[in-house]
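Enquirer: based on what follows, work out the 3D shape:
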Amino acid sequence: MEVRGGRSARRAADEDRSRCSPASVGARAGRRDAAEIRQQPPRGRRVGVKWRNWAWPAAPLGLVLLAATGCTSTPGAPAEASASPSTSGARSAVGRVCAEPAAGPATAPKGAVTVDPAVVGDLAAKTRNSPPHTTFWLRPGRHRLEPERYAQVVPKEGNRYLGAPGAVLDGRRKNQYAFGGSARDVTIRHLTVQGFVPPHDEGAVNHGSADGWVIEHAKIQYNSGAALMAGARQQVRANCLRGNGQYGMNAYKEGNSIRDLVVEGNEIVGNNTDDWERRKPGCGCTGGIKFWAVDGADIRGNWVHDNRGTGLWADTNNNDFRIENNVLEANDGAALIYEISYNAVIRKNTIRRNNWVEGRRNADRGDSFPFATVYLSEAGGEPRIDARTDKIEIYRNVLENNWNGITLWESADRFCNSPANTSSGDCTLLVKDTDRCKRPAIATAPLYADCRWKTQRVDIHGNRFVLDKSVLDCTVKCDRMAVLANYGTYPDWSPYKGDGVARAITREQHNRWHDNVYVGPWRFVAHDPSRVYDFARWQGTPYQQDAGSTLDPGAGG
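Expert: Predicted coordinates for the structure are as follows:
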C-alpha cells in the first residue's frame, strides 16, 4: 500500500481530557457479569486462545448521555468494588452500559413510522416502502424478520431506527443479519439486537460495512460472528456489545477504507463465546474488538472486560489510533495488541487482571516468551505516514496485577513476501508494489528498511506498574517487561538473517522506557527471551532503559 495523504477532515489537535479515574471498577462484579453472560446461551467449554505470531479518563460522549459526566457510575456492585490503585482519583466514569442502558423514546417522535412487533417482517417491509431519511420507531416487544436465512433490514441513506423501551429485534437463530446493505449515514439507537447467526468474520449489524453509521445506546448481544462490522466515519457509542460468538466488533472493510472511527463509552464484555482459536488454532480471529487497516480511530472511555482472548486488537496496517481513558480488565488474553501497525497514543487507561488464562497456560507449557498484557508486534512510529503523532507513545496508564507488562517484539522473519508473514499478501504502508520486496532489491536501501514492519519510536513513560504475585498465584514468568526479537532464519532469501533485528529493536530503533513507577518484583527481558535481567542491569549499559524510573520490589505483595 502507498503512503496515505493528508487528513484535512481530522482534528488538527486533540484535547487532553482529564476528569475521573477508572481505577475503582468492581473486580468480582465484573466476573459475576461474565458468568451470567456465558450462561445465556451456553457456548461450550471455557478454554483460552493461542497467541499469534508473535488513560485519568474522560467522561466520553456516550456516558455524558448516560450520566452527564458526573463520574458517579462504577462497573460492578459498590459493595464488591476492588481497592483502587494508589494513583487513583475519583470513582470511575466508565458506566455499566449492559446493566444500566439509556431508555429510548416511549412514544413515537413526530413524523416517525411506527413498527409493530406483532407483524412478522414489519420493520423490513416498511423500510423497503419508505423513502431515504425516514425515522422508524419500534414499539416495545419482540420484533422478528421473515424466517428466512437472508431476511434482513436493508436501510436507505439517512434512515434512523429508534427503539422504545423494551424493543428487541430477535433473529431467533434463523436470520444471519439484522441490518445490511450499503446505505450511508444510518442511525440505530436504543434497540436490542440479538439471536442472529452471521458466519465467521461477519457481523449482525452493518453487515455491509457501510460508511457513516451511528450506533448508540444499543444492546447487540448473543449473536454468532461479530455484533457489528464497521465502515468509515462510524460512531459506536454507549452500547452493550455482549456475549457474541466471535467479536464485539469486527472493524474490517474490503478495500481497507475505514477512516475516522469512534468507539466511545461502550461495554464490551464476554465475547468470543464460540472460542474460535480452539476451532481454528492460530487464526488470530477473536476478542472484544478487532481492527484491520483502520486509518484514524479514537477508542476512549470503554469498559472492555471478561472477553475470551484479547480485549482490543489492532492487526495489519492500522494507523493513527488514540486509545485512552478505557478500563481493560479480566480478559483471558492481552488487554491490547497493536500489530504490524503505525503511530498511536495509548494513555490514561486502567489495565488490570488481564492475560491470566493465556499467560499461565503458556508458562505451564514451559514457553519462555514474555506473553504480555500490552503487546506491540512489529508496530511503531513512522513519520512518513500521516497521523496525529509520529511515534507510539504509552503514558499515564495504570497496569495492575496483569500477567506480564509491556512487550515490544519484532520477528526478523516477518516482512513483505515472506512466508512467515501471517498477514499474507499485505505489505507495509511504505511500499506500494509488494513485488519489489524481493531479491536483490530488498537487500539494499530503501527497501531493506521499508519492506519490514518495525517496532520503533516507542516511548513508554509516566506509567505505574503494580504486581502482587500472590494475587496472580504465580512464581515465575508473570513479572516481565520486554524488548526483543528472534534470530532471523527464514526464508532462505531473507536479508534479515542473524541477530541484526534483535540488536536494532533493542538498541537502535529509539524504543525507550523512562520515568515510570514499578511496584513489585519486576524483571526485564532484552534482545531475546534468554536474557532476563534485574532493574539495575536493565538501567545499565548497554540497554540504558528506564532512566528516571523507580522500583520498589517488595511493595507489590
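
Enquirer: what's the burial count for the residue nearest to I406 when sequence neighbours are not counted?
Expert: Excluding the flanking residues, the one nearest I406 by Cβ to Cβ, 6 or more residues apart in numbering is V374, at 4.5 Å. Bear in mind the C-beta positions are built from the backbone N, C-alpha and C, glycine included. Using other Cβ atoms under 10 Å, the number of residues around V374 comes to 28.

Enquirer: distance of V374 from R128?
Expert: V374 sits 47 Å away from R128, going by Cβ to Cβ, to the nearest Å.

Enquirer: ok, T489 next?
Expert: 58 Å.

Enquirer: from L551, how far out is F465?
Expert: With Cβ to Cβ as the criterion, F465 and L551 are 9 Å apart.

Enquirer: nope, S257 is what I meant
Expert: Distance from S257 to L551, by Cβ to Cβ: 46 Å.

Enquirer: settle it for me: which of those two has more neighbours?
Expert: L551 (21 against 13).

Enquirer: and the more buried one, helix, strand or coil?
Expert: Secondary structure, DSSP: H, G, I helix; E, B strand; the rest coil: L551 is strand.

Enquirer: next one: A344
Expert: Secondary structure for A344, judged by three-state DSSP, is strand.

Enquirer: any idea how many residues pack against it?
Expert: Around A344 there are 29 residues (other Cβ under 10 Å).

Enquirer: helix or strand: which one has the residue nearest to it when sequence neighbours are not counted?
Expert: The shortest distance from A344 to any residue other than its chain neighbours is 4.1 Å, reached at F321 (Cβ to Cβ, 6+ apart). Using DSSP states H and E, F321 maps to strand 319-324.

Enquirer: now the closest residue to W403 other than its chain neighbours: which helix or strand?
Expert: Leaving aside its chain neighbours, W403 sits nearest to G359 (3.1 Å; criterion: Cβ to Cβ, 6+ apart). For G359, the element it lies in under DSSP H and E is helix 356-364.

Enquirer: which other helices and strands does that helix contact?
Expert: Applying 3 or more Cβ pairs under 8 Å, 6 or more residues apart in numbering; DSSP states H and E, one finds that helix 356-364 contacts no other helix or strand.

Enquirer: work out the gap between it and the centre of the chain.
Expert: In terms of Cα atoms, centre = their mean, to the nearest Å, the centre of helix 356-364 is set 20 Å apart from its chain centre.

Enquirer: go through it and flag the buried ones.
Expert: W356, V357, E358, G359, R360, R361, N362, A363 (16 or more other Cβ atoms under 10 Å).

Enquirer: cool, stretch 167-183 as well?
Expert: Neighbour-count burial for stretch 167-183 flags 167-171, 174-181, 183 (criterion: 16+ other Cβ under 10 Å).

Enquirer: for it, list the C-alpha coordinates in PDB.
Expert: The C-alpha trace of stretch 167-183 is given here as PDB (Å, rounded to 0.1, in the frame of the first residue of the first chain):
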ATOM      1  CA  ALA A 167     -37.900  -3.100  21.800                       C
ATOM      2  CA  VAL A 168     -35.900  -6.100  20.700                       C
ATOM      3  CA  LEU A 169     -35.100  -7.300  17.200                       C
ATOM      4  CA  ASP A 170     -34.600 -11.000  17.500                       C
ATOM      5  CA  GLY A 171     -33.100 -13.200  14.800                       C
ATOM      6  CA  ARG A 172     -34.300 -16.300  16.600                       C
ATOM      7  CA  ARG A 173     -31.100 -18.100  15.300                       C
ATOM      8  CA  LYS A 174     -32.900 -18.200  11.900                       C
ATOM      9  CA  ASN A 175     -31.600 -15.000  10.300                       C
ATOM     10  CA  GLN A 176     -27.900 -14.300   9.500                       C
ATOM     11  CA  TYR A 177     -28.100 -10.500   9.500                       C
ATOM     12  CA  ALA A 178     -30.100  -7.800  11.200                       C
ATOM     13  CA  PHE A 179     -29.100  -4.700   9.200                       C
ATOM     14  CA  GLY A 180     -27.100  -4.800   6.000                       C
ATOM     15  CA  GLY A 181     -26.700  -3.100   2.600                       C
ATOM     16  CA  SER A 182     -24.500  -0.200   1.600                       C
ATOM     17  CA  ALA A 183     -26.600   2.900   2.500                       C
END
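
Enquirer: just checking, the residue nearest to I406 touches W403?
Expert: No - between V374 and W403 there is no contact under Cβ atoms under 8 Å: 11.4 Å.

Enquirer: so where is the stretch 51-200 of the chain shaky, pLDDT-wise?
Expert: 51-95 (pLDDT under 70).

Enquirer: recalculate using a threshold of 50.
Expert: Applying pLDDT under 50 to the stretch 51-200 of the chain picks out residues 51-92.

Enquirer: residue boundaries of the strands in it?
Expert: Assigned by DSSP state E, counting those that start in this stretch, the strands in the stretch 51-200 of the chain fall at 113-115, 135-138, 141-143, 160-163, 167-170, 187-189, 192-194.

Enquirer: so which of those strands is nearest H514?
Expert: Closest approach to H514 among the strands of the stretch 51-200 of the chain is made by strand 187-189 (44.5 Å; Cβ to Cβ).

Enquirer: report all helices and strands that the helix or strand that the helix holding G359 is followed by contacts.
Expert: Beyond helix 356-364 on the C-terminal side, the first helix or strand identified by DSSP H and E is strand 374-377. If you count contacts as 3+ Cβ pairs under 8 Å, 6+ apart, strand 374-377 packs onto strand 336-339, strand 406-410.

Enquirer: and after the last one, which helix or strand comes next?
Expert: In other words, strand 406-410. Sequence order places helix 447-450 as the next helix or strand after strand 406-410, per DSSP H and E.

Enquirer: buried residues in that next one?
Expert: In helix 447-450, counting by 16+ other Cβ under 10 Å, buried: L447, D450.

Enquirer: packing partners of that helix?
Expert: Against helix 447-450 (3+ Cβ pairs under 8 Å, 6+ apart) you get no helix or strand.
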